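K.L.:
here is my input; please provide its structure:
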Amino acid sequence: MTKICCIGAGYVGGPTMAIIALKCPEIQVAVVDISAPRINAWNSEQLPIYEPGLDNVVKQCRGKNLFFSNDVEKHVCEADIVFVSVNTPTKTQGLGAGKAADLTYWESAARMIADVSKSSKIVVEKSTVPVKTAEAIERILTHNSKGISFQILSNPEFLAEGTAIEDLLKPDRVLIGGRETPEGNKAVKALKDVYAHWVPEDRILCANLWSAELSKLAANAFLAQRISSVNAMSALCEATGADVTEVSHAVGKDTRIGPKFLNASVGFGGSCFQKDILNLVYICECNGLPEVAHYWKQVIIMNDYQKNRFVNRVVSSMFNTVANKKIAILGFAFKKDTGDTRETPAIDVCNGLLGDKAQLSIYDPQVSESQIQKDLSMQKFDWDHPAHLQPSGPTDLKQVSVVRDAYAATKDAHAVCILTEWDEFKSLDYQKIYDNMQKPAFIFDGRNVIDVEKSRKMGFVVYSIGKQLDDFLKDMPALLSRRQFTVIFRLRTQVRGLYLVQNLNLFLEVLPNESNKFVVFIFYRCLTCFSFN
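P.N.:
Modelled structure (predicted):
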């Protein structure tokens, strides 16, 4: 019986090995990890990750030809093929900090494989790694292997969280890269035979090692680029009165472009896009290609701009302050149908609002309170390190409450921010939500989930990414200057009858570049007891 071992029981290793076990009952598959809690979760009824369909696959195979274990060395020693699916986080210090991939865990895995192996093995790169990583791994294995033969293959994953099981069962392509030698070709064929159990031959692509390694980085860069492109258009749509959904639909009808990854949003997230693009930028810089590096860095810059733009819109729309205002956050995962919060835009949005002293009430159907509190307490890139290496400081933020119901999150809120496109958010009773909110009731839709016109008729002030601005928002400047806001703030307790009219000249003096319509609008809202708290 062929034996396969996967080092790393995370979002890639667990589902991938489960599908191999399902489709190859004659192969014994072991998933190993040094984290006892994670392995215990894989062996329980409550899996450590949420992915539609994963539960059923694991239940069918677990204990038959699929095993989860902490005995890493035993299963690596016995395996014919060893997949390595460990973290390759962005370096936080030293050479390349903030961009380069940290291969510490990969190197440790390679040294362990060399130490415990007693027979020849095929070692498969499943983690996303920089180009030429295989060359470094070969050197480690060769110098520590005591004459044992190792063949290194690159087999990058192209999964999308939320549809990972479907992607594994019906992949667009499976890419296998190996050395162009007789031994390398033999290793490629061995892995190809595994996938051939369920993947059509024309979808199994073979390439050299370096092409396979670079293909994964390139694929993620291209996908992220599309998202940043449509998000850039969303800002222009808001400025001109165009509708980004209509623009995206028209553009996507071009068969050369296609409709996928053209949904405007608050920004992209997940464990791969930003990390892989930063890695690509660093590789370009190291190879003397500064212009290419700058090009790809713009994708990250645009993504950061989109998140900051969203926060600025929330704050400026609510009279340039959200201090002590309750804001409901609907959705914290980086996308629907997953509990993954790595690099989710919600972290930056929430931190931006917390920086302005907002009170946040957060609801996500698949993300735990402890995870949310932890994410909002960690520094950038800390999330991608093992739990025992992450900061252990306090994670209970007083400004943050996590609830298990969307209606509880929105009760008495001044505003609602939709940050994940969960299907359930499309069917909420928004009239009920409106009735139980502070007035004016704001909705800031970062995923274009709601029916904008219907919500406006209910009474909501609505901001939806890339859509025509609400009349209320058109009258508000994108961001008041400090002096402009100070005047409004000082007068907020003096909004009584003719006293306001006496101060009209002061407003006109302070806001010479704003329309008279805006000034009159502010005074009108003050006279009608509109809250500036």
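K.L.:
so how far is Ala441 from Lys432?
P.N.:
The gap separating Lys432 from Ala441 is 12 Å, by CB to CB, to the nearest Å. Backbone N, C-alpha and C define where each C-beta goes, glycine included.
K.L.:
and for Gly10?
P.N.:
Distance of Gly10 to Ala441, computed by CB to CB: 40 Å.
K.L.:
re earlier: more neighbours: Lys432 and Ala441, which one.
P.N.:
Neighbour count, other CB atoms under 10 Å: between Lys432 and Ala441, Ala441 has more, with 22 against 12.
K.L.:
next, the contact list for the more buried one, please.
P.N.:
The neighbourhood of Ala441, defined by CB atoms under 8 Å, 6 or more residues apart in numbering, consists of 413-416, 433-434, 459-461.
K.L.:
and those residues as CSV, adding pLDDT?
P.N.:
Putting those into CSV (pLDDT from 0 to 100) gives the following:
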residue, pLDDT
Ala413, 98
His414, 98
Ala415, 98
Val416, 99
Ile433, 98
Tyr434, 98
Gly459, 96
Phe460, 97
Val461, 96
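K.L.:
next, count neighbours for Arg447.
P.N.:
Residues within reach of Arg447, counting by other CB under 10 Å, total 24.
K.L.:
try Met318
P.N.:
For Met318, the neighbour count with other CB under 10 Å is 23.
K.L.:
if you average pLDDT over the helix or strand where Lys74 lies, what comes out?
P.N.:
Using DSSP states H and E, Lys74 maps to helix 72-78. Helix 72-78 carries an average pLDDT of 97.
K.L.:
go on, stretch 250-265?
P.N.:
If you average the pLDDT over stretch 250-265, you get 97.
K.L.:
tell me which strands and helices the helix or strand just after the helix holding Lys74 is in contact with?
P.N.:
Downstream of helix 72-78, the first helix or strand assigned by DSSP H and E is strand 81-84. For strand 81-84, the packing partners by 3 or more CB pairs under 8 Å, 6 or more residues apart in numbering; DSSP states H and E come out as strand 3-7, helix 13-23, helix 104-116, strand 121-125, helix 182-195.
K.L.:
mind doing that once more with 6 Å?
P.N.:
The helices and strands touching strand 81-84, judged by 3 or more CB pairs under 6 Å, 6 or more residues apart in numbering; DSSP states H and E, are strand 3-7, strand 121-125.
K.L.:
show me the contacts for Trp345.
P.N.:
For the record, residue 345 is Pro, not Trp. 266-267, 269, 307 (CB atoms under 6 Å, 6 or more residues apart in numbering).
K.L.:
does Lys126 touch Ser85 like I think?
P.N.:
Yes - using CB atoms under 6 Å, Lys126 is in contact with Ser85, at 4.1 Å.
K.L.:
of the two, give the one with the bigger neighbour count.
P.N.:
Ser85 (25 against 22).
K.L.:
next up, the contacts around that one.
P.N.:
Applying CB under 6 Å, 6+ apart, the residues near Ser85 are 6, 8, 12-13, 126-127.
K.L.:
so, low pLDDT: which residues of this protein?
P.N.:
For the chain, the stretches flagged by pLDDT under 70 are 145, 380-396, 474-533.
K.L.:
how does it look with 80?
P.N.:
Low-confidence segments of the chain (pLDDT under 80): 1, 144-146, 379-396, 472-533.
K.L.:
returning to what we had before: quick check: PyMOL command selecting the buried ones in the contacts of Ser85.
P.N.:
Typed into PyMOL, the next command selects the buried ones out of the contacts of Ser85 (criterion: 16 or more other CB atoms under 10 Å):
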select buried, resi 6+8+12+13+126+127
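K.L.:
state the number of residues packed around the nearest residue to Gly331 once chain neighbours are set aside.
P.N.:
Leaving aside its sequence neighbours, Gly331 sits nearest to Thr420 (CB to CB, 6 or more residues apart in numbering; 2.5 Å). Thr420: 30 surrounding residues under other CB under 10 Å.
K.L.:
ok, and what's touching stretch 254-267?
P.N.:
Contacts to stretch 254-267, defined as CB under 6 Å, 6+ apart, come from residues 223, 226-227, 230-231, 234, 244, 248, 251-252, 303, 306-307, 310, 345, 419, 446-447, 465-466.
K.L.:
measure it end to end?
P.N.:
24 Å (CA to CA, to the nearest Å).
K.L.:
which residue ranges of the stretch 101-250 of the chain form helices?
P.N.:
104-116, 133-144, 164-169, 182-195, 209-240, 244-252 (DSSP state H, counting those that start in this stretch).
K.L.:
can I get the ones you listed in CSV including distance to Cys350 and mean neighbour count?
P.N.:
Output for those, formatted as CSV (distance: least, CB to CB, whole Å; neighbours: other CB atoms under 10 Å):
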stretch, distance to Cys350, mean neighbour count
helix 104-116, 29, 18
helix 133-144, 35, 17
helix 164-169, 26, 20
helix 182-195, 41, 17
helix 209-240, 19, 19
helix 244-252, 24, 16
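K.L.:
let me have those in a markdown table, extended by distance to Glu424.
P.N.:
What follows is the helices of the stretch 101-250 of the chain, written out as a markdown table (distance: least, CB to CB, whole Å):
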| stretch | distance to Glu424 |
| --- | --- |
| helix 104-116 | 36 |
| helix 133-144 | 41 |
| helix 164-169 | 20 |
| helix 182-195 | 36 |
| helix 209-240 | 23 |
| helix 244-252 | 21 |
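K.L.:
tell me which of those lies nearest to Lys325.
P.N.:
In terms of CB to CB, the element of the helices of the stretch 101-250 of the chain nearest to Lys325 is helix 209-240, at 23.1 Å.
K.L.:
now the residue nearest to Gly331, what's its secondary structure?
P.N.:
At Thr420, secondary structure determined by DSSP: H, G, I helix; E, B strand; the rest coil is coil.
K.L.:
could you do Lys297 as well?
P.N.:
Counting by three-state DSSP, the backbone at Lys297 sits in helix.
K.L.:
try the one 5 residues further on
P.N.:
Under the three-state scheme (three-state DSSP), the conformation of Met302 reads as helix.
K.L.:
that one - how many residues pack around it?
P.N.:
For Met302, the neighbour count with other CB under 10 Å is 19.
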